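>>> need coordinates for the following:
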Amino acid sequence: MAVVWSLLALLAMAAASPVELVPDRPGIGGQDVPAWMKEAWQADGDALLAASSFDGHLQLSVGMIRGFLVETEGSDTTRVNVTTVPHGQLSLLASTTLQGRMGRIRILVNGDGWQAGSDKARHLLRQNLAHEIAHLAQKQRYDSAYELAALHEGYAEARALDLLIDAKLWTAADVRLARLGFEQSCEVALKRGPLLPQIEAGDREASYACGALLWIAASERVNARPDVLHRSYAKAMRQPAGLGPWARETFGPDFTRSAYMFLTANYSGGPQTALEGLAAGRL
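Now for the predicted structure:
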């Protein structure tokens, strides 16, 4: 009998999910989260975590918000204004923290469009979760809190595409559409002028979309996936010399100069030229 119980215990451990879905903070509205979202997030979290480079466990919490959110941390109270989402549309906020080998991802969704569980909602939730899981491996490799947002967020966007393919949650057609979306969003930023001031100001198109295209172009330059390239990048970022010497050694002076020009020059009159030049390494 003891042997039977031991076998059952081993089977239970093997079947246990590395992803734990936990309730959100009281008062946030977690009870309003539709069942499909919890089930999908648990299943997608398992698949994405298994495909990722993150070495640890994951806690996911999800909540729904309306209007504005007030949160208290110790004696400080922060009020976060949330834009009212039009009927049927979707909005979300996400954050990722890492303590040891425990990663925590929190997502807050806003808008009644989440209730129906449409293909668009599931697609957005998966892409967001893949992005946040990419951040966990990133945080494990080095302290990335103070790097340029285009490198930080751009890596997570680029890495998420591979994760979604590896986890069999997306197809190649989905990735092509995502890359087209990056290009369209990045063109919007490029039309406004140089990217670097926009990135430093926290602009999303400049940081996420243009950053993703920068990582994709760099990865294709050396015929390596973003995650493989990022391992080398992370080692360089832990050294005093940092980014510059690593970039010149890894990509050569032409692409390194192109990446710099992509971030700093004014392409407001020809954003598509900037994207083509970055990919070719000849800006």
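>>> now the stretch 151-283 of the chain, which segments are flagged as low pLDDT?
By pLDDT under 70, the weakly predicted segments of the stretch 151-283 of the chain are 240.
>>> quick check: closest non-adjacent residue to G100.
Excluding the flanking residues, the one nearest G100 by Cβ to Cβ, 6 or more residues apart in numbering is G56, at 7.4 Å. For the C-beta atoms, the positions are set from N, CA and C on the backbone; glycine is no exception.
>>> number of nearby residues for that neighbour?
16 (other Cβ atoms under 10 Å).
>>> for it, give me its contacts.
98, 100-103, 136, 140 (Cβ atoms under 8 Å, 6 or more residues apart in numbering).
>>> could you do A94 as well?
Contact partners of A94, counting by Cβ under 8 Å, 6+ apart, are 105-108, 128, 131-132.
>>> can you add distance to E205 and neighbour count and give those residues back as a markdown table?
Below are those laid out as a markdown table (distance: Cβ to Cβ, whole Å; neighbours: other Cβ atoms under 10 Å):
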| residue | distance to E205 | neighbour count |
| --- | --- | --- |
| I105 | 23 | 24 |
| R106 | 24 | 19 |
| I107 | 21 | 22 |
| L108 | 22 | 22 |
| N128 | 17 | 18 |
| H131 | 15 | 25 |
| E132 | 19 | 23 |
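>>> rounded mean pLDDT for the helix ranked longest in the chain, please.
Criterion DSSP state H: the longest helix present in the chain is helix 119-141. Here helix 119-141 scores 92 as its mean pLDDT.
>>> by how many degrees do whatever helix or strand comes next after that helix and helix 119-141 diverge?
The helix or strand immediately downstream of helix 119-141 is helix 149-166, counting by DSSP states H and E. For helix 149-166 against helix 119-141, the angle by axes from the mean of the first three to the mean of the last three Cα atoms, to 10 degrees is 120 degrees.
>>> now, which of the contacts of A94 sits nearest R231?
Proximity of the contacts of A94 to R231 (Cβ to Cβ) peaks at H131, which lies at 18.4 Å.
>>> kindly provide the distance from that closest one to I165.
Distance of H131 to I165, given as Cβ to Cβ, to the nearest Å: 14 Å.
>>> E187 now?
Using Cβ to Cβ, we find E187 at a distance of 25 Å from I165.
>>> do a quick rundown of the helices in the stretch 151-283 of the chain.
Taking DSSP state H, counting those that start in this stretch as the test, the helices found in the stretch 151-283 of the chain are 172-191, 195-200, 204, 210-221, 226-237, 243-251, 253-264, 271-280.
>>> distance from the second one to the middle of the chain?
Its chain's average C-alpha position is 19 Å from that of helix 195-200, according to Cα atoms, centre = their mean, to the nearest Å.
>>> list the buried residues for that helix?
For helix 195-200, burial by neighbour count (16 or more other Cβ atoms under 10 Å) applies to 195-196, 198-199.
>>> got TSV for these, with distance to V22 too?
Converted to TSV, the buried residues of helix 195-200 look like this (distance: Cβ to Cβ, whole Å):
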residue	distance to V22
L195	37
L196	39
Q198	36
I199	33
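>>> identify the farthest-apart pair in the residues you listed.
Spatially, the most separated pair among those is L196 and Q198, at 7.2 Å (Cβ to Cβ).
>>> list the contacts of the residue lying closest to A274 once chain neighbours are set aside.
With Cβ to Cβ, 6+ apart as the criterion, A274 has its nearest non-adjacent residue at 3.8 Å, and that residue is Y267. Residues in contact with Y267 (Cβ under 8 Å, 6+ apart) are 190, 273-274.
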